[in-house]
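**Student:** fold the stuff below for me.
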Amino acid sequence: CHTSGMLTPNGKEYAQKIPREELTHLILKLLQAWKEPLSHFNQHHQELPDDSLSKAKQISNMVHELKTGVEKVTEKMQSMGIISNSLNGMASSEAAGLSIGNEADTMSDSDFIHCFRRDSNKVQSYLKILKCRIMPENSC
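**Tutor:** Numbering: from 1, shown residues only. Model (predicted):
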């Protein structure tokens, strides 16, 4: 996986120990790291059946929307003083070096999907942990 080089916590208990700011940064890095590979996948798999191609584009759009949403939440958290302003621009500049470019041509579709699912699960877990820290009234 092209994101294997990213240092991410193994397991929920380790992720819970990461400060909110770092966890937010990690979520943004993972989402940004998938922007180009998903776009590349969509461009080079035009021969897929319409249903599959539509689903791939839908997933790509959802990742973009999720990243935009996390950025908005980050801005709100910064304005409320929950986290510092040190996240500005960090995720996109750091994740830019993680694009897979030509590696996407050699990675099998099943490997690509496996990696995407793995990272999607991480993002989902990290978001749940972050939500519980920010809004403890949700009895997490």
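
**Student:** may I see the buried residues of stretch 7-23?
**Tutor:** Under the neighbour-count criterion of 16 or more other CB atoms under 10 Å, stretch 7-23 has 8-9, 15, 18, 21, 23 buried. The C-beta positions use only the backbone N, C-alpha and C, and glycine is treated the same way.

**Student:** least confident pick among these?
**Tutor:** For the buried residues of stretch 7-23, the model is least confident at residue 21; its pLDDT is 85.

**Student:** before we move on, which element is it in?
**Tutor:** With secondary structure defined by DSSP states H and E, residue 21 is part of helix 20-43.

**Student:** what's the answer for residue 2, then?
**Tutor:** Counting by DSSP H and E, no helix or strand carries residue 2.

**Student:** my read: it touches residue 118, true?
**Tutor:** No - at 11.4 Å, residue 2 does not count as touching residue 118 under the criterion of CB atoms under 8 Å.

**Student:** grab the nearest non-local neighbour of the residue nearest to the spatial centre of the chain.
**Tutor:** In the chain, the centroid-proximal residue (CA atoms, centre = their mean) is residue 31; its distance is 2.4 Å. The spatially closest residue to residue 31, leaving aside those adjacent along the chain, is residue 67, at 4.0 Å (CB to CB, 6 or more residues apart in numbering).

**Student:** for that neighbour, helix, strand, or coil?
**Tutor:** Classification of residue 67 using DSSP: H, G, I helix; E, B strand; the rest coil returns helix.

**Student:** contacts only, for it.
**Tutor:** The contact partners of residue 67, taken as CB atoms under 8 Å, 6 or more residues apart in numbering, are 28, 31-32, 35.

**Student:** centre of the chain to stretch 28-41, how far?
**Tutor:** Centroid separation for stretch 28-41 versus its chain: 8 Å, with CA atoms, centre = their mean, to the nearest Å.

**Student:** where does the prediction get shaky in the protein?
**Tutor:** Across the chain, residues meeting the criterion (pLDDT under 70) sit at 85-107, 138-139.

**Student:** do you know how far the residue lying closest to residue 83 once chain neighbours are set aside is from residue 130?
**Tutor:** Take residue 83 and drop its neighbours on the chain: the residue closest to it by CB to CB, 6+ apart is residue 21, 4.3 Å away. For residue 21, the distance to residue 130 (CB to CB, to the nearest Å) stands at 10 Å.
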